[in-house]
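Trainee: I'd like to go over a predicted model; first the sequence, then the structure.
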Amino acid sequence: MRCAVTGKAIPLDELRYWSVDLQEAYADAETSLKRFRDTRV
């Protein structure tokens with residue numbers, strides 16, 4: 001799996017951050033929060 005923002009590889013057993021609405025994986029909490037803020041209307 002690859003982070004939707006950074007492109008960093010994420011092993012499935014280490015995947016912790018996922019957007020249900022966007023169906024995207026994120027490498028870490030900081031990246032997840034940044035994406036959330038960028039896509040928020």
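Mentor: Happy to help now that I have it.
Trainee: Would you mind naming the residues that bridge with the residue nearest the centre of the chain?
Mentor: By C-alpha atoms, centre = their mean, the chain has its centre lying nearest to Tyr26, at 1.9 Å. Bridge pairing for Tyr26 (DSSP bridges) gives the partners Tyr17.
Trainee: low pLDDT regions in this protein?
Mentor: Applying pLDDT under 70 to the chain picks out residues 41.
Trainee: quick one: the strands in the protein?
Mentor: 17-19, 24-26 (DSSP state E).
Trainee: Would you tell me which one of these is buried the most?
Mentor: By mean neighbour count, with neighbours taken as mean count of other C-beta atoms under 10 Å, strand 24-26 ranks first of those at a mean of 21. (C-beta placed from N, C-alpha, C; glycine too.)
Trainee: which helices and strands does it pack with?
Mentor: When contacts are defined as 3 or more C-beta pairs under 8 Å, 6 or more residues apart in numbering; DSSP states H and E, strand 24-26 packs onto strand 17-19, helix 29-39.
Trainee: ranking the ones you listed by burial, who's on top?
Mentor: strand 17-19 (a mean of 15).
Trainee: Check which helices and strands it sits against.
Mentor: Counting by 3+ C-beta pairs under 8 Å, 6+ apart, strand 17-19 packs on strand 24-26, helix 29-39.
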